[in-house]
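> no sequence for this one, just the structure:
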């Protein structure tokens, strides 16, 4: 079917698909620039029925497993225990905690800012890699460039539904021709500012079989990258971390992040929970909705844990 | 003007305004139960113009000042520094960080779940205080009860606009009669499931004069609590942490949290940035909008840092 | 051989072996009170040959395994990467990191202060349990009671050497009669202020077979507790966390910590690395040495990660 | 008095005082190589009286002030609160906490490993700076090179005693001629492997006036560096972070760390509490003692918080 582009072709995307300079040499917002007031208005118009669907997995401080590199932390500073005891007795206790996490990785639903990726020493729009440094974090391309929040049209690209399988097997990617076939079947035409959310079905597999990762996962094929650029997609998301692993290339293991973020200026949403949304879309016979993203504006961060909401 | 209720009267609210048992003895969602599909649909209908306004302050890991008890932490795990050096040379670097914070307090925009408050040894709906404990965090009334996200009608209660002052002075609260006068002037009738966001103008003061806290702040007066219950308000927010300090009572320092959360089952949004929204509402001559809250579903947490969005 | 005392007998130790009040009702130092200047002088006299042996395992931030509940954290704040790049170029870089850990558990060599254990609602010397609380940490019996550092006589109790086995099997404890036999064979008489360090050989097993913990480990038998009290032992240590698991009792799973710390006021050193010391003692034909403990005086902490040194 | 060497002269020390290659091209222990078994034996011989003096300040998680950049963290995982309540009732509770800190800086008593300093892109012994990186920490010259613990002769260089003042003023350094005069007056001859601990009296100032730092502090003058090399000093310590600030040079702000660590291979102990030791030395009329350093062997760390002990 879809011939995977060669490694040389994908490496060439770094130039041919580049949006560097398109919105000025200082730009740090990348493809989010394509989301206009008109686009937001169009998206809001899709929210007609009063339905809200979360696309996030719970964040579990007890979580371990093959997809966890760093356990989220929750340490209580004040609790309701022994509230009436001794010197510490208080009629009203304000319970509080410290929470900490590494949102990047394969477990936590999160949003990637352009500072997440340094490719050949540079970030999106040519900002030097050293602008992400230990002392100050991301001094360019940080998540705070999306502090205002995002509302745009979301499109669910439901691959296992289209194939008639419960989920795509790890290692099996969705290539450009299949992507176009799914969009056609769903009756959607992709336009500027859209968010494409790929369901590989890993969420269903995870719910039924538990988390797994042994170096293989489903995701976007690298040949979809030109489509993202041509149609003016702003955001891509996936129920895995987005890459097909293995990528099919000897050395280029992460072209979706490498080209998508650093060249095109896409913002990515990784590890989405798309099972509830898939059922809702099926029931409503529509695969488009208003997507609301409200990242935490943490200064210097390369992204944010996020609870994306689909309104329809 | 508005006689502040006596301390005994406010203490009595714990019984008279209680929603315990109203949605079943196991309920952990409190006043969020009042946000129906119809309410969400009504709210979505207010989002007509493609405008999105964030109500969050940036989270600053370098932040110190009178309103900071615990500095947010951002520690980089991978950076773009020296990407081409020695053994560590890599063509593509995925920058990542650990972020951690205590969202409760006076600085970070955050959402309070009912587990935030233990009053007389119990939380909202009678859940025992020890269900918020050091080992497991909030085992009842956690923020995950709002994991599905919230869309409802938001109403900006703009007190300094109504008074014709730049901001309310620290210690000066908004009492029930003033609240009703503002709502009347804004042409809004509060109904079930609404979110009331009080602007005291502290945000403007903070922008112009820097953060301050010397034991005094503006906020809701305790006499507003019966109104919240009567009208079926689900969420209250404020550009301070919500309480008027001092409260006017000898021993009851936090009645808005104590009664509002533990008895009524309200969810609170503290430390909102309402300056942009105030300007937008003024320009559009409307003080209602679709409010979208997408808290992080962190298991066992008593709330979440949040980037609330107003759609209008 | 050694009849294990019954559960009732061990529960009774809470009274019969108690040192509560012995050094005044406010005392927080417990059995450390038995280490006198004369004892320290005696201990220093054992350090004759210029030999120093560390009794600590490395702390590994990448460590996982059956004995790890919480990974130690090391996050770099400044590194030597890209030191000459762009705006961040500096001729001299002071590299620095955040380090964090939970020292209690089965992996990290650490020192237990009396605040580590609350038994029947109380700590050593009758201090109420609520003096260890979420807000302030240990307000009584904290590790800062040993801020001055400890030098005393250490005695290696080398059980596998005495038995002629490479290590004791998990679940197999050292009971009082065996302890006395080992001390006799080593030619040592235990006196006031001594530190007894039990080698079960788990360290050797760990080096040869990797870390393991499946609910069983070797350690002290509960019948040794009266000996600790009678002889005036100040500190006990072990190359496991000290308890024999299973303890042999239906409900009393941790008598060494429960009675040893809360009743007798012992300070414990857990997870020692005793393999180097065992070889040194064998070579020198002596099992006594100067033990130096230099805990970090962290206010409110229930103990400290530690690098114990044997000088001989 | 002592002419401060010129900036060019001090820059030249990087070559003229270098110990690179002296102990082999792979060496990571630097001047610790000069501490021999004979030296340790000599040091142990100074511990005659059974006296132990800690040289550490308490670590305060509530600490703020001009010398604090990052608050130490102590988060309780288990407490003694409400130990008998509800489902969480337990007869024996093992209280535990997470502790975390940044030990480098001006507040916490700590030990600097050679990986702390990158000078002109390289660490001690020519190890490339990128061997201290975000992902792995210090892959060369880490604190684990001192995992075995250190015992050597310590010498207190008591400058305010010699001058007859309560403390040296911030900005006032101790130069080579004064150092030699103090040592002469104290009757000590510095030899290979010694640890020189400089008392500027800042500890007394801190106890009497509170912590302060406004860009000025007392410390070693750069002209002492040749003496450290000539005499074979292994460790230098100070009751400030060791540098005189301002250094007297236009661009070379940290020559004690830059030359001392990166060229000579010294290990530094910063922020010592020397007030107790000063009184003890005065009382005993001796300024030499056995110094015991037991750093935590944290893999990849550039140093360690430490509780140094003087035995005499």
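Happy to help now that I have it. This structure is a prediction, so every number in the text was calculated from the model and none was measured.
> Need the phi and psi values for residue A:310.
Note on residue A:310: backbone dihedrals following degrees, to the nearest 10 are phi -100, psi 130.
> pretty sure it contacts residue A:278?
No: Residue A:310 sits out of contact with residue A:278 when judged by Cβ atoms under 8 Å, with a separation of 10.6 Å. (Each C-beta comes from the backbone N, C-alpha and C, glycine too.)
> who has more neighbours, these two?
A direct count of neighbours by other Cβ atoms under 10 Å in any protein chain shown for residue A:310 and residue A:278 places residue A:310 higher, at 26 against 21.
> Bridge partners for the more buried one, pull those for me.
Using DSSP bridges, the beta-bridge partners of residue A:310 come out as residue A:53, residue A:291.
> who's in contact with it?
The contact partners of residue A:310, by Cβ atoms under 8 Å, 6 or more residues apart in numbering or on different chains, come to A:52-53, A:55, A:154, A:277, A:280, A:289-292.
> By proximity to chain C, which residue of the stretch 201-312 of chain A wins?
Among the residues of the stretch 201-312 of chain A, residue A:300 lies nearest to chain C; the distance is 12.5 Å by Cβ to the nearest Cβ.
> Could you count how many residues lie near that residue?
In terms of burial, residue A:300 registers 24 neighbours under the definition other Cβ under 10 Å.
> For it, which non-adjacent residue is spatially closest?
Once flanking residues are discounted, residue A:300 sits nearest to residue A:137: 2.6 Å by Cβ to Cβ, 6 or more residues apart in numbering or on different chains.
> Ok, residue A:237 next?
That would be residue A:269: by Cβ to Cβ, 6+ apart, it lies 3.5 Å from residue A:237.
> Hmm, that neighbour is touching residue A:308, no?
Yes: taking contacts as Cβ under 8 Å, residue A:269 lies within contact range of residue A:308: 6.0 Å.
> between those two, what contacts are shared?
Counting by Cβ under 8 Å, 6+ apart, the residues touching both residue A:269 and residue A:308 are A:55, A:109, A:111, A:237, A:293.
> now, which of those residues sits nearest chain B?
The closest of the shared contacts of residue A:269 and residue A:308 to chain B turns out to be residue A:293 (Cβ to the nearest Cβ; 8.1 Å).
> Check what pLDDT the residue nearest to residue A:35 when sequence neighbours are not counted gets.
For residue A:35, the nearest residue in space outside its immediate sequence neighbours is residue A:193; the separation is 4.1 Å by Cβ to Cβ, 6+ apart. Looking at residue A:193, its pLDDT stands at 98.
> Now do the contacts for residue A:193.
Each residue near residue A:193 by Cβ under 8 Å, 6+ apart is listed here: A:34-36, A:39, A:152-153, A:232, A:234.
> For ChimeraX, write a command that selects the buried ones of these.
ChimeraX command restricting the contacts of residue A:193 to the buried ones, with burial defined by 16 or more other Cβ atoms under 10 Å in any protein chain shown:
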select /A:34,35,39,152,153,232,234
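> May I ask you to name the longest strand in chain A?
Among the elements of chain A assigned as strand by DSSP state E, the one spanning the most residues is strand A:150-158.
> Identify the residues contacting residue A:301.
A:113, A:137-138, A:142-144, B:74, B:97, B:99.
> got the contact list for the residue in the stretch 201-312 of chain A positioned nearest to chain D?
For the stretch 201-312 of chain A, the residue closest to chain D is residue A:302, as judged by Cβ to the nearest Cβ, at 12.3 Å. When contacts are counted by Cβ under 8 Å, 6+ apart, residue A:302 is found next to A:104, A:112-113, A:115-116, A:132, A:137-138, A:141-143, B:95-97.
> which ones among the residues you listed are found in helices?
Restricting those to those inside helices, with DSSP state H as the criterion, leaves an empty set.
> The residue nearest to the spatial centre of chain A in helix, strand or coil?
For chain A, the residue nearest the mean C-alpha position is residue A:269 (0.7 Å; Cα atoms, centre = their mean). What DSSP: H, G, I helix; E, B strand; the rest coil gives for residue A:269 is strand.
> For it, give me the pLDDT.
Model confidence at residue A:269, expressed as pLDDT, equals 98.
> for residue A:120, same thing?
pLDDT recorded at residue A:120 is 95.
> In JSON lines, list the contacts of residue A:193 along with secondary structure.
Written out in JSON lines, the entries for the contacts of residue A:193 read as follows (three-state DSSP):
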{"residue": "A:34", "secondary structure": "helix"}
{"residue": "A:35", "secondary structure": "coil"}
{"residue": "A:36", "secondary structure": "coil"}
{"residue": "A:39", "secondary structure": "helix"}
{"residue": "A:152", "secondary structure": "strand"}
{"residue": "A:153", "secondary structure": "strand"}
{"residue": "A:232", "secondary structure": "coil"}
{"residue": "A:234", "secondary structure": "coil"}
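> so residue A:77, which of the three states?
Using three-state DSSP, the secondary structure recorded for residue A:77 is strand.
> Looks like it contacts residue B:102 (just checking).
Yes: under the criterion of Cβ under 8 Å, residue A:77 makes contact with residue B:102 at 6.5 Å.
> between those two, what contacts are shared?
A:96-98.
> which among those residues gets closest to residue B:241?
residue A:96 (12.0 Å; Cβ to Cβ).
> Skipping adjacent residues, who's closest to that closest one in space?
If you skip the residues right next to it in sequence, residue A:96 has residue B:104 as its closest partner in space, 4.1 Å away by Cβ to Cβ, 6+ apart.
> any idea of the pLDDT on the one you found?
97.
> Could you report the distance from the closest residue to residue A:253 other than its chain neighbours to residue A:122?
The shortest distance from residue A:253 to any residue that is not its chain neighbour, by Cβ to Cβ, 6+ apart, is 5.4 Å, and that residue is residue A:247. Counting by Cβ to Cβ, to the nearest Å, the separation of residue A:247 from residue A:122 is 21 Å.
> Flag every residue of chain A that's near chain C.
Counting by Cβ under 8 Å from any Cβ of the partner chain, the residues of chain A lying close to chain C are A:70-71, A:76-79, A:81-82, A:85-88, A:128-131, A:133-135.
> Show the buried residues in those residues.
Judged by neighbour count, with buriedness set by 16+ other Cβ under 10 Å, the buried members of the residues of chain A next to chain C are A:70-71, A:76-79, A:81-82, A:85, A:88, A:128-131, A:133-135.
> Spell out which parts of chain A neighbour chain D.
Applying Cβ under 8 Å from any Cβ, one finds that chain A approaches chain D through A:73, A:75-77, A:79-83, A:85, A:88, A:98, A:134.
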